[in-house]
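S.K.: coordinates only, sequence not included:
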């Protein structure tokens, strides 16, 4: 039997929790939103290639979201199967149904977002700046 090599993580990944990474991702999107306004002041991005690269990065993020959502679901499923969950409202079954339905819908939306961004990325590939 061949053993798999352990998953390598850089120090940043190992020193942060999943929740901290999610917060960092949210802040990165906020920073993206802010910096994309710079064009109004004549700063930052000016060319179609800037939009192409930006859409490519956002598309990659969207492509990675379904796995993260699946792994959140796996955590909750494990905690549920080990009977480590309770509901402060006394509605555990309906709360879990909402969790699983919401995560499933979010995964489908992330897949759709990735597909749409790929279409935009493809369209941007043919654009060039004209003086």
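M.R.: Structure's in. What do you need? Note that the structure is a prediction, hence the values are computed from the model and not measured.

S.K.: mind checking which helix or strand the residue lying closest to residue 76 once chain neighbours are set aside is in?
M.R.: Leaving aside its chain neighbours, residue 76 sits nearest to residue 99 (5.7 Å; criterion: Cβ to Cβ, 6 or more residues apart in numbering). C-beta coordinates here come from the backbone N, C-alpha and C atoms, glycine included. Per DSSP states H and E: residue 99 is located in helix 92-125.

S.K.: Which secondary structure elements does that helix sit against?
M.R.: If you count contacts as 3 or more Cβ pairs under 8 Å, 6 or more residues apart in numbering; DSSP states H and E, helix 92-125 packs onto helix 48-81.

S.K.: Which other helices and strands does the helix it packs on contact?
M.R.: helix 18-35, helix 92-125.

S.K.: so which of the ones you listed gets nearest residue 60?
M.R.: For these, the distance to residue 60 is smallest for helix 92-125, at 8.6 Å, taking Cβ to Cβ.

S.K.: can you state the direction angle for that closest one and helix 48-81?
M.R.: Per axes from the mean of the first three to the mean of the last three Cα atoms, to 10 degrees, the angle that helix 92-125 makes with helix 48-81 is 160 degrees.

S.K.: Which positions within helix 92-125 qualify as buried?
M.R.: For helix 92-125, burial by neighbour count (16 or more other Cβ atoms under 10 Å) applies to 95, 96, 99, 103, 106, 107, 110, 113, 114, 117, 121, 124.

S.K.: Now do that helix: distance to the chain's middle.
M.R.: The chain centroid and the centroid of helix 92-125 are separated by 10 Å, computed with Cα atoms, centre = their mean, to the nearest Å.

S.K.: Okay, now the unreliable bits of the protein?
M.R.: 1-13, 39-44 (pLDDT under 70).

S.K.: redo that, cut-off 50
M.R.: 1-3, 5-6 (pLDDT under 50).
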